[in-house]
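Student: Any chance you can model this:
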Amino acid sequence: MSNEAHATGVEVTDAQRAAVERVARFVVRFGLTVPAILALESLRPLSFVGSQFMYLLSPAVTTFLSPRDWDAMAGLLEQRSGIEYVLRVIEQLDRQEQTAA
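Tutor: Predicted structure coming up:
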């Protein structure tokens, strides 16, 4: 279990960890850290509903993520602490990016 997963108390599979890493790298690379964090924080109370909506959007996002990665993210976000895990990974990658620049 990674430090982020341990700190949030969420069980994260290897597929979920890889999907979150890919999404977080995309977010940081394109300077979307703040909007992503705001969106995730505002949707925290509705995380389960949001994860179910992700399944509905699956066909439309295949250019961004593979269907397997998308489903892994949706499965992670079904857990309340899943959003916290995603936030921690995005924030950690953003800090690394800022110190490298």
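
Student: Please count neighbours and contacts with C-alpha atoms only from this point.
Tutor: Noted.

Student: what about E11, is that helix, strand or coil?
Tutor: coil (DSSP: H, G, I helix; E, B strand; the rest coil).

Student: which of the residues in the longest helix along the chain are buried?
Tutor: When the chain is parsed with DSSP state H, its longest helix is helix 80-100. For helix 80-100, the neighbour count (16 or more other C-alpha atoms under 10 Å) marks 80-91, 93-94 as buried.

Student: Please name the nearest non-neighbouring residue to the residue most central in space within the chain.
Tutor: By C-alpha atoms, centre = their mean, the mean C-alpha position of the chain lies nearest to V86, the distance being 3.8 Å. Once flanking residues are discounted, V86 sits nearest to V20: 6.3 Å by C-alpha to C-alpha, 6 or more residues apart in numbering.

Student: wouldn't that neighbour be in contact with R88 here?
Tutor: No: here V20 lies out of contact with R88, judged by C-alpha atoms under 8 Å, at a distance of 10.3 Å.

Student: could you say what helices and strands the longest helix of the chain packs with?
Tutor: Counting contacts by 3 or more C-alpha pairs under 8 Å, 6 or more residues apart in numbering; DSSP states H and E, helix 80-100 packs against helix 3-8, helix 14-29, helix 33-43, helix 47-57, helix 67-77.

Student: Show me which residues of the third one are buried.
Tutor: For helix 33-43, a neighbour-count test (16+ other C-alpha under 10 Å) marks T33, A36, I37, L40 as buried.

Student: Ignoring the adjacent residues along the chain, who's closest to the third one?
Tutor: Translated: I37. L87 (6.5 Å).

Student: measure that neighbour to A36 for me?
Tutor: 8 Å (C-alpha to C-alpha, to the nearest Å).

Student: One more: S81?
Tutor: S81 is 16 Å from A36, by C-alpha to C-alpha.

Student: among the helices and strands of the chain, which has the poorest mean pLDDT?
Tutor: helix 3-8 (a mean of 56; mean pLDDT, DSSP states H and E).
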